[in-house]
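1. What would the 3D arrangement of this be:
(3 chains)
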Amino acid sequence: MTALAVPGVATAPIVPPRPRRRAVRVASWAVAAVVLVAFWGLDLEWDKLVDLPSDLVHYGTLMFSDPDWSMLPEALLQTWRSVSMAWLGALLGVVLSTLLGIPAAEGVGPLWLRLPLRWVFAVIRAVPEVVIAIIILTVTGLTPFTGALALAIGGIGTHAKWTYETVEAAPTGAGEAVRASGGSLLETVRWGLWPVVSPELASLALYRFEINVRTSAILGLIGVGGIGDMLTSYTQYREWATVGVLIIVVIVVTMTIDAVSGAVRRRIMEGAKVRGVDRST
Amino acid sequence: MTTVAEAAERPAQAIPPRPRTWPRTARIVAVLAVLTAATATPALGGVEIDLGAIADNWTNGADRIGQMLVPDLSVLPRTWQPLLETLQMAVVGAAISAVLAVPLSLWAARPTNPNAPVRAAVRFVLNVIRAVPDLVYATVLVAMVGVGTLPGVITLVLFDIGIVVKLVSEAIDSADSSYMEAGRAAGGTQTQINRLTALPQTWPALASQVLYSLELNVRISAILGLVGAGGIGRLIDEMRGFYRYDALSTIILEILIVVILIELASNVLRKRLR
Amino acid sequence: MSDLSTRPEAGGTTPSASGPWPIELDEVTVRYPNGVTALKGVSLRIEAGEMVAIVGLSGSGKSTMIRTINGLVPPTSGRVAVGPHAVSELRGRALREARGDIGMIFQGFNLADRASVFHNALVGRFSHMPTWRTMLGLASDVDRDMVMRSLDSVGMLEKVWHRAGALSGGQKQRVAIARALSQEPAVMLADEPVASLDPPTAHSVMADLASINASRGLTVLVNLHLMDLARQYTTRMIGLRAGEVVYDGPAASATDADFEAIYGRPVQSRDRLGE
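-> As a prediction, the model looks like this:
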């Protein structure tokens, strides 16, 4: 048993020196240096920064103290157009991503197919949706249809990646059973894989819609229509009372869609658990 | 063998009735179909699907892609300065948001903030911040404070706080927090407990999410310039204006390489954080 | 112990707080929001400097009782007093100060795994540190010295800069004891302190607690479900069953029949730790 010395009676204990971990220190100095250099090199216009708080209050008052509610119907119509873009973009994007993503999964498609597919996804991921829209608008013009197509094609980059990752993470038992009873590749995918991965893919599809709602507002900024288009125009006219209404509409609609879609996604995943195909454990 | 044969001869009523799932399936399909139809009807404010335009003009798009497939590297020297600015904006944005995210994450998580009304208020404000798309912030801020990197950096900070605080506070919520009880039993205030024990516990999650936000920042600040908020997006806008698609693809390639490099570096850092 | 309510200010060389305190529970009932009644009108007096085991099966209310004593669980009715503190009536700052005088160790150690041993033990100084000092991460020399002495007294000083998560179970519980000792408590509570440890380590941790009781004269209250540990290390035993005191007497002379009455079933081999 260790003797428990009564404090005060014993002399002060000899404390071991605090170890200095050199790697950690070097890393922290390096991070600090990078941040400092970035701050220093960036022309942040400090005089503007000083005025920033009063600017924010000034424009905040202009926008939200007396919003121009007569613009609400037009704002809602444009929001609906953005949501339509997001929905159609998600639908088309998810269908394309599923068709391309499942063959790109290990264990489904052959290597000569998988690798090029994954490269295509990686390249699309690197291109911002705005740039994709800039290309597409040479075909379909400055229309909401262009926005939907840009969302669909831009979405393939990440969504097809999520699809093949989901498929690869799926348990292999059901697929093996179908193969063991002589199923073809297509039959294996339909009866062995699809029942297992479909709840998660459905959940991801809804999530894609949530992301698209935000991105569609961004695409509006280059002129394909919808709430983003309207917001750019009224910001340029500096009609702040209208801009205030538009921002409120964007926030309320986005949060509502997030909440509804999130609830449906939870329902889907819980349903998957009840039916005994939960993969989260 | 005989049992199988017998089973086959058993009268049909022995089979349990198939559960009626089709009404539910039909309802779901109907809802999806109606939604899709509504969003695709211009008369209702939806999108006009114009397949004819694709049939007529697809060569335009193919030409652009064709041009992009042959990048014009001569534009490279002009990209260094805006690219550096983009990187600086990304780093500064991530650094400021990291500092702000520390108290906000602790206030937004249940173990580190037992005060339910305050927690709900913090979470609500963060949800509002997250609901506004990044480029919308940039557009409005540029109109407010003028063209430059300042609106861009503020946009990145707001965007980063939204995701970092959400992910870190969720990590705190799901992590073991039994050490809280010891701090309380020793007579500590919540602030003391958070500072001395919750902070070191949360540090890896925080660092990892900040690195992630740095990656996203580079991608986002690539387009911030389109609305005048600084960075390489300014050059993208210019090249687009001159129809220099071959130069555009050079810039995109450059961003791709930078993003991949940052991803690799942050993967290495993340592994060391464990 | 002339005047228990005035304590000398904690200083580097001041010995353990203010000497031991008695603990008093008067008709304490605890009902949780989910309707479970964990304690039913428990009245007890534990004298200053006693070493007491609270024995009972899981769900008997012993964990609730120990948490009621330092105010982590507020009683639904009844009164709890520890020395000069009327714990059941305190709120906010006064309650935190009372807790500062009551050390506690836990079955699961409750250490912050990624923080250093030093910072974990420094938690014990919370009630003596101004919050701004904690915010800056600066411990005063007095606090630092107190933590080092506590760690030294449980033989963990050499690990002071290690991460708590890198220690073995027995070492973690020693750090937890040092954390409680850093408080300079007048009373030490222990909630199943050895249930997560292997038998030899369990014995040495129990011996540490007995030694704290003997050398510092602290009142020690320890929850146990193992009969042999209660007999060997404590002087008085309180048996709890379904939230009521069913036994209160000397620990060493408690018979197997007494334990059967506490457990409400015959004694089994798992009720003993063995060597």
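
2. which regions of the chain sit below the pLDDT cut-off?
-> Because you didn't say which chain, this covers chain A. Counting by pLDDT under 70, chain A shows low-confidence ranges at A:1-12, A:272-281.

3. that's the wrong chain, I meant chain B
-> For chain B (pLDDT under 70), the answer is B:1-13, B:274.

4. Okay, domains of it per the record?
-> The record assigns chain B these domain ranges, following automatic domain parsing: B:21-69, B:75-273.

5. For chain C, which of those is the nearest?
-> Smallest distance to chain C across the domains of chain B (CB to the nearest CB): 3.3 Å, for domain B:75-273. All C-beta spots, glycine's among them, are computed from the backbone N, C-alpha and C.

6. what about that closest one, start to end distance?
-> 39 Å (CA to CA, to the nearest Å).

7. ditto for stretch B:182-194
-> Stretch B:182-194 has an end-to-end distance of 12 Å (CA to CA).

8. Tell me the pLDDT of the residue of chain C found nearest chain A.
-> Chain A sits closest to C:Asp152 of chain C, with a gap of 3.7 Å, by CB to the nearest CB. Model confidence at C:Asp152, given as pLDDT, is 87.

9. all helices in the chain, in order from the N-terminus.
-> Using chain A. Using DSSP state H, the helices of chain A run over A:22-41, A:46-64, A:72-101, A:111-126, A:129-140, A:144-169, A:173-180, A:185-187, A:194-220, A:227-236, A:240-274.

10. that's the wrong chain, I wanted chain B
-> B:2-9, B:22-39, B:51-68, B:76-108, B:116-131, B:134-145, B:149-174, B:179-185, B:190-193, B:199-224, B:233-241, B:245-273.

11. Next: the stretch 101-250 of chain C.
-> With DSSP state H, counting those that start in this stretch, the ranges of helices along the stretch 101-250 of chain C come out as C:117-122, C:131-136, C:141-153, C:169-182, C:199-211, C:227-233.

12. Same list (these) but as CSV, adding mean neighbour count.
-> Shown next, in CSV, are the helices of the stretch 101-250 of chain C (neighbours: other CB atoms under 10 Å in any protein chain shown):
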stretch, mean neighbour count
helix C:117-122, 26
helix C:131-136, 14
helix C:141-153, 22
helix C:169-182, 25
helix C:199-211, 19
helix C:227-233, 21
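
13. Of all the ones you listed, which one is nearest A:Glu168?
-> If you check each of those against A:Glu168 by CB to CB, helix C:169-182 wins as the nearest, at 38.0 Å.

14. roughly how far is the closest one from the heart of the chain?
-> Counting by CA atoms, centre = their mean, to the nearest Å, helix C:169-182 is centred 11 Å from the centre of its parent chain.

15. Nearest to chain A: which residue in the stretch 151-274 of chain B?
-> Closest residue of the stretch 151-274 of chain B to chain A, CB to the nearest CB: B:Leu256 (3.8 Å).

16. which parts of the stretch 151-275 of chain C sit against chain B?
-> Residues of the stretch 151-275 of chain C found near chain B (CB under 8 Å from any CB of the partner chain) are C:Ala176, C:Arg179, C:Ala180, C:Gln183.

17. can you pull the contacts of the first one?
-> By CB atoms under 8 Å, 6 or more residues apart in numbering or on different chains, the contact list for C:Ala176 reads B:Ala182, C:Ile105, C:Phe106, C:Phe109, C:Asn110, C:Leu111, C:Asn120, C:Pro193.

18. what's the closest non-adjacent residue to B:Ile96?
-> B:Val157 (5.0 Å; CB to CB, 6 or more residues apart in numbering or on different chains).

19. quick one: low-confidence ranges for chain C?
-> C:1-18, C:275.

20. Using CSV, write out every CA atom in stretch B:22-39.
-> Presented in CSV, the C-alpha positions along stretch B:22-39 are these (Å, rounded to 0.1, in the frame of the first residue of the first chain):
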residue,chain,number,x,y,z
TRP,B,22,-49.3,-0.9,-51.9
PRO,B,23,-51.7,1.8,-50.7
ARG,B,24,-48.8,3.4,-48.8
THR,B,25,-46.4,2.9,-51.7
ALA,B,26,-49.0,4.4,-54.1
ARG,B,27,-49.5,7.4,-51.9
ILE,B,28,-45.7,8.1,-51.7
VAL,B,29,-45.4,7.7,-55.5
ALA,B,30,-48.4,10.0,-56.0
VAL,B,31,-47.0,12.7,-53.8
LEU,B,32,-43.7,12.6,-55.6
ALA,B,33,-45.4,12.6,-59.0
VAL,B,34,-47.6,15.6,-58.2
LEU,B,35,-44.6,17.5,-56.8
THR,B,36,-42.6,16.8,-59.9
ALA,B,37,-45.4,17.7,-62.2
ALA,B,38,-46.1,21.0,-60.3
THR,B,39,-42.4,22.0,-60.4
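
21. Check the gap between the residue positioned nearest the centre of chain C and C:Ile69 for me.
-> Nearest to the mean C-alpha position of chain C, counting by CA atoms, centre = their mean, stands C:Leu189 at 1.4 Å. Separation of C:Leu189 from C:Ile69 (CB to CB, to the nearest Å) stands at 6 Å.

22. Give the intersection of the neighbour lists for these two.
-> Counting by CB under 8 Å, 6+ apart, the residues touching both C:Leu189 and C:Ile69 are C:Ile102, C:Leu221.

23. measure the closest residue to chain C within the stretch 101-250 of chain A to chain B for me?
-> Closest residue of the stretch 101-250 of chain A to chain C, CB to the nearest CB: A:Ala169 (28.3 Å). According to CB to the nearest CB, to the nearest Å, A:Ala169 stands 19 Å off from chain B.

24. Tally up the residues packed near that residue, please.
-> Using other CB atoms under 10 Å in any protein chain shown, A:Ala169 is surrounded by 12 other residues.

25. Could you do A:Tyr207 as well?
-> So A:Tyr207, with other CB under 10 Å, has 17 neighbours.

26. Switch the helices of chain A over to JSON lines; also include distance to B:Arg78.
-> Listed next are those as JSON lines, based on distance: least, CB to CB, whole Å:
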{"stretch": "helix A:22-41", "distance to B:Arg78": "18"}
{"stretch": "helix A:46-64", "distance to B:Arg78": "26"}
{"stretch": "helix A:72-101", "distance to B:Arg78": "33"}
{"stretch": "helix A:111-126", "distance to B:Arg78": "20"}
{"stretch": "helix A:129-140", "distance to B:Arg78": "18"}
{"stretch": "helix A:144-169", "distance to B:Arg78": "26"}
{"stretch": "helix A:173-180", "distance to B:Arg78": "52"}
{"stretch": "helix A:185-187", "distance to B:Arg78": "50"}
{"stretch": "helix A:194-220", "distance to B:Arg78": "26"}
{"stretch": "helix A:227-236", "distance to B:Arg78": "27"}
{"stretch": "helix A:240-274", "distance to B:Arg78": "34"}
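
27. of all the ones you listed, which lies closest to B:Leu44?
-> It's helix A:72-101; of the helices of chain A, that one is closest to B:Leu44 (CB to CB) at 7.9 Å.

28. Output the contacting helices and strands for that closest one.
-> Applying 3 or more CB pairs under 8 Å, 6 or more residues apart in numbering or on different chains; DSSP states H and E, we find helix A:72-101 packed against helix A:111-126, helix A:144-169, helix A:194-220, helix A:227-236, helix A:240-274, helix B:22-39.

29. any idea which residue sits dead centre in chain A?
-> Closest-to-mean residue, chain A, CA atoms, centre = their mean: A:Ile211 / 5.2 Å.

30. For A:Val224, what are phi and psi?
-> Dihedral pair for A:Val224: phi -90, psi 10, per degrees, to the nearest 10.

31. Check the gap between the closest residue in space to it that isn't next to it in sequence and B:Val140 for me.
-> Counting by CB to CB, 6+ apart, A:Val224 lies nearest to A:Gly147, which is 4.0 Å off, once chain neighbours are set aside. Distance, A:Gly147 to B:Val140, by CB to CB: 20 Å.

32. Between these two, which has more neighbouring residues?
-> Legend: neighbour count by other CB under 10 Å for A:Gly147 and B:Val140, higher for A:Gly147 (37 against 24).

33. What residues does the stretch 101-250 of chain B have near chain C?
-> Checking the stretch 101-250 of chain B against chain C by CB under 8 Å from any CB, the hits are B:178-189, B:191-193, B:195-198, B:200-201, B:203-204.

34. Many thanks, I have nothing further to ask.
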